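1. Turn this into a structure:
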Amino acid sequence: MKAIYSGTLLAVLLASLSALDAADVLPLATKPNIVFIFADDLGWGDLGCYGHPRLKTPYLDKMAADGLLLTNFYVANPVCSPSRTAVMTGQYPARHRIHRHFTSNHKRNVALNMPDYLNPNVTLLTKLMQKHGYKTGHFGKWHLGGTEDSPSFAAYGIDVHYTTNSRYGKLNVPRHQSTEKMVDEAIDFIKANKEQSFYINLWTLVPHTTLDTTDEQMAPYAQWGPHDAAKQRGFSTPAQIYYGAVTDMDYHLGRLIRTIDDLGLAEETLIVFSSDNGPEDISGRRAGHSGIGTAGPFRGRKRSLYEGGVRVPFIVQWKGHTPAGRVDDKSIVSAVDLLPTFCSQAGIELPDDYHSDGQDMSQVFLGKSVQRKRPLFWDWTGIQAGHTSNKSPSLALRSGKWKFLMNPDGSRKELYDFEADPQCMELDNVADRYPDEVERFSKMLREFKASIPQGVPQQGGGSNVYRRVDIIWFLHLGLICFLCFSCLSVSRVPQYSTM
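-> Numbers count the residues shown, from 1 in each chain. Sure thing, here's the model as predicted:
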C-alpha cells in the first residue's frame, strides 16, 4: 500500500502555507494570555495538516497555517493521567509516583504504588500563573485525581472550573456534546476576563472512547458508511464514528479561536494544541466500533513507547509573534517543556527549589529551531494493547537522532537511527551495529530508572511475545472439557443386562 504519510507528502501538503521571516515577528507581549488545548487520544496523523487523507479538520488546519506545526513533539507518557501530570509539573510523572491513570478506587491506586491525586503542594503551572496575576480556568477533562478526599481546584491554583473525571465535575453531558459545552464555558471565561491576563486549560474528551457520535456529526462521512445489509440494519462504520467526532471537535475549537480573534485578542493570546497520547487501539473493549485513529507512519499506539504512542500533533498560534506557516521538523519538544516555556513567555521566574525535566522552548514558538540540551526519558509500567508489533519495551529515551528502548532487566535492547530513517518507523534495529551507543544509552536508562519512584509493573508489560502459550492453554482446556464431557456421557449410558 502506498505510504500516504511520507515526509515528502507532508511537505507538499504544507508547502502552500504562507511564511513570515522570523525577523518580521513582533516583540513579545509582557503577559500574554495562554490557552492550552489537549485532545484525548488523538493520533499524530489524525489532522488534515498532518496528512490525513479523509479527516476534515479545517479549523485546526487553519491554526497551523496561521502559526507553527511541530513534527517532533512528545508527551511524557503513553496514557492520560501521567501525561497530564507532566504538563502541570514540568517533570516526568514518575517523579510524582503517577505511573498509570488515576481511578477513584483507593485500593487500586495503592496497589500500583500511586497516590490518589496529583499533590497540589508541588510546583504547578496553574499555581504559578495565578500567583503572578493570571486568571486561571480549567475546562474539560481533569483526570488528575477523583477520590472523595481529592483537593479542591482552588488548591491547584484554578479559579474557574467546568470539568469531568474529577471529584467536582460539572460537565455532565453526553460525550458528543462535551466539546461544545466546554468551549461555551471557556468562551464565557474569556469574555469575562478579556481586560486581564488569563490562562486556560481546555482538555477535550474527544476522541477518547466510548464515542457516541450523532448522525448529524457523521453526515460528512456518508461515503465511508456501510454497504448493503449492514447499512439496512442501521450500522455505522468506525470511520464515520471516529471522523465525525474529530470533525465536531475541530469545529468547536474553531469557535474558540474565532472568539479570540473577534475580541481583538489574537496578538495577545498564545494558543497551543496537542494530544495527551497516541490513538486508542481498535482491539480495546470500548474502541471496537471506532478505534481507527492513526499515528501516521509510526509504529505504536496508546500505551506504547514506540513513536505512535508518545509522538503527537503540536500546533502553536500567536499572531504577530509565531511565524505563520512554519513547519519545524528539527526541534525536539516535550510536554515537560511547557511549564518552563509558558512561564518564560509570561515573565515568571521559576522557584529556586524547583527543577524541571524540560527546558524553555520559547525560541521554537517564535520560529527558530532549537537543539535539546538533555535527552527525553520514558518509563511505562503497563502493558501494550493491540498487535504484537506495537508492544514496546518499558523504558525509552530520545537523544538527537537516536531512539533507544529496553526493559528494566536489560532485555529487548532496540536502537533506531532517525537520520537514516526520516519517517521514524522503528523497523530497523541497529543495536548490533552500534554497541558503544547501546552501552551508553543502557547506562542512562538504568540511572533514570533508579532516580524515580518505582511503579508496579503489570504482568506482560514490556513483552512482545505472541501469546502462543495462551492458545496451547485453551487447547488443553478444550481437551479437558471434552474428556470430562465424554466421561460424563459414558457414565449416563444405560446398563443393559446380558443375562
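2. domains for this structure, by residue range?
-> Listed domain ranges for the chain are 17-370, 393-486 (source: automatic domain parsing).
3. Distance from the chain centre to the last one, please.
-> When distances are taken as Cα atoms, centre = their mean, to the nearest Å, domain 393-486 is centred 21 Å away from the chain's centroid.
4. Ok, the first one next?
-> Between the centre of domain 17-370 and the centre of its chain there are 8 Å (Cα atoms, centre = their mean).
5. Just the element for the residue nearest to Gly278 when sequence neighbours are not counted, please.
-> Sequence neighbours aside, Gly309 is the residue nearest to Gly278 in space, at 4.3 Å (criterion: Cβ to Cβ, 6 or more residues apart in numbering). For the C-beta atoms, the positions are set from N, CA and C on the backbone; glycine is no exception. Per DSSP states H and E: Gly309 is located in helix 307-310.
6. Check Phe448 too.
-> Assigned by DSSP H and E, Phe448 falls within helix 435-451.
7. helices and strands around that helix, which ones?
-> strand 376-379, strand 395-399, strand 402-406, strand 414-417 (3 or more Cβ pairs under 8 Å, 6 or more residues apart in numbering; DSSP states H and E).
8. could you say what helices and strands the third one packs with?
-> Just to be clear, that refers to strand 402-406. strand 395-399, strand 414-417, helix 435-451.
9. what's the answer for the second one, then?
-> Where contact means 3+ Cβ pairs under 8 Å, 6+ apart, strand 395-399 is packed against strand 376-379, strand 402-406, helix 435-451.
10. Using a markdown table, please lay out the ones you listed together with distance to Asp188 and mean pLDDT.
-> Output for the helices and strands packed on strand 395-399, formatted as a markdown table (distance: least, Cβ to Cβ, whole Å; pLDDT from 0 to 100):
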| stretch | distance to Asp188 | mean pLDDT |
| --- | --- | --- |
| strand 376-379 | 37 | 98 |
| strand 402-406 | 43 | 98 |
| helix 435-451 | 43 | 98 |
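11. where does this protein dip in pLDDT?
-> Applying pLDDT under 70 to the chain flags residues 1-29, 468-499.
12. and if we set it to 50?
-> Where the chain drops to pLDDT under 50, the residues are 1-29, 469-470, 473-474, 477, 482-499.
13. the strands in it, which residues?
-> 33-39, 68-70, 73-74, 135-141, 160-164, 198-203, 269-275, 314-317, 326-328, 333-334, 376-379, 395-399, 402-406, 414-417 (DSSP state E).
14. quick one, which of those strands is nearest to Asn172?
-> strand 160-164 (7.2 Å; Cβ to Cβ).
15. pull the CA atoms of the closest one into PDB?
-> Provided in PDB are the C-alpha atoms of strand 160-164 (Å, rounded to 0.1, in the frame of the first residue of the first chain):
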ATOM      1  CA  VAL A 160     -12.900  28.700  37.400                       C
ATOM      2  CA  HIS A 161     -13.500  25.000  36.500                       C
ATOM      3  CA  TYR A 162     -16.000  23.100  34.400                       C
ATOM      4  CA  THR A 163     -14.700  19.500  34.400                       C
ATOM      5  CA  THR A 164     -15.300  15.800  34.200                       C
END
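16. Which strands or helices does it pack on?
-> By 3+ Cβ pairs under 8 Å, 6+ apart, strand 160-164 packs against strand 135-141, helix 175-192.
17. What distance do you get for the residue lying closest to Gly288 once chain neighbours are set aside to Arg303?
-> By the measure of Cβ to Cβ, 6+ apart, the closest residue to Gly288 outside its immediate chain neighbours is Ile282, 6.1 Å from it. Distance, Ile282 to Arg303, using Cβ to Cβ, to the nearest Å: 13 Å.
18. got a list of what Arg374 touches?
-> If you count contacts by Cβ atoms under 8 Å, 6 or more residues apart in numbering, Arg374 has them with Asp357, Gln359.
19. now it: how far from Tyr416?
-> Relative to Tyr416, Arg374 is positioned 19 Å away (Cβ to Cβ).
20. can you check Thr213 too?
-> Per Cβ to Cβ, Thr213 is found 36 Å from Tyr416.
21. Phe365 now?
-> 28 Å.
22. burial count for Gly288?
-> When neighbours are counted by other Cβ atoms under 10 Å, Gly288 registers 13.
23. need the helices for the stretch 151-300 of the chain, in chain order.
-> All helices of the stretch 151-300 of the chain, identified by DSSP state H, counting those that start in this stretch, fall at 175-192, 215-218, 228-232, 238-262.
24. Gly146: which of those helices is closest?
-> Of all the helices of the stretch 151-300 of the chain, helix 175-192 comes closest under Cβ to Cβ, at 16.5 Å.
25. coming back round to it: for the residue nearest to Gly288, grab phi and psi.
-> Reported as degrees, to the nearest 10, the phi and psi values for Ile282 are phi -70, psi -10.
26. got a list of what it touches?
-> Ile282 is in contact with Pro238, Gly288, Ser290, Gly291, Ile292, Gly386, counting by Cβ under 8 Å, 6+ apart.
27. tell me the contacts of the first one?
-> Contacts for Pro238 were tallied using Cβ under 8 Å, 6+ apart; they are Ile282, His289, Ser290, Gly291, Ile292.
28. redo that, cut-off 10 Å
-> Pro238 is in contact with Leu211, Trp224, Ile282, Ala287, Gly288, His289, Ser290, Gly291, Ile292, Gly293, counting by Cβ atoms under 10 Å, 6 or more residues apart in numbering.
29. List buried residues within the residues you listed.
-> Buried subset of those (neighbour count, 16 or more other Cβ atoms under 10 Å): Leu211, Trp224, Ile282, Ala287, His289, Ser290, Gly291, Ile292, Gly293.
30. Kindly reformat those residues as CSV containing distance to Arg299.
-> Output for the buried ones among the contacts of Pro238, formatted as CSV (distance: Cβ to Cβ, whole Å):
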residue, distance to Arg299
Leu211, 24
Trp224, 25
Ile282, 16
Ala287, 18
His289, 24
Ser290, 21
Gly291, 17
Ile292, 16
Gly293, 15
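31. Farthest pair within those residues?
-> For the buried ones among the contacts of Pro238, the maximum inter-member distance is 17.3 Å, found between Trp224 and Ala287 (Cβ to Cβ).
32. Can you list the buried residues in stretch 158-173?
-> Neighbour-count burial for stretch 158-173 flags Ile158, Asp159, Val160, His161, Tyr162, Thr163, Thr164, Asn165, Ser166, Arg167, Leu171 (criterion: 16+ other Cβ under 10 Å).
33. Let me see the contact set for the second one.
-> To tie it back to what came earlier, the one meant is Asp159. Taking Cβ under 10 Å, 6+ apart, we find Asp159 in contact with 126, 129-130, 134-138, 153, 189, 193, 198-199.
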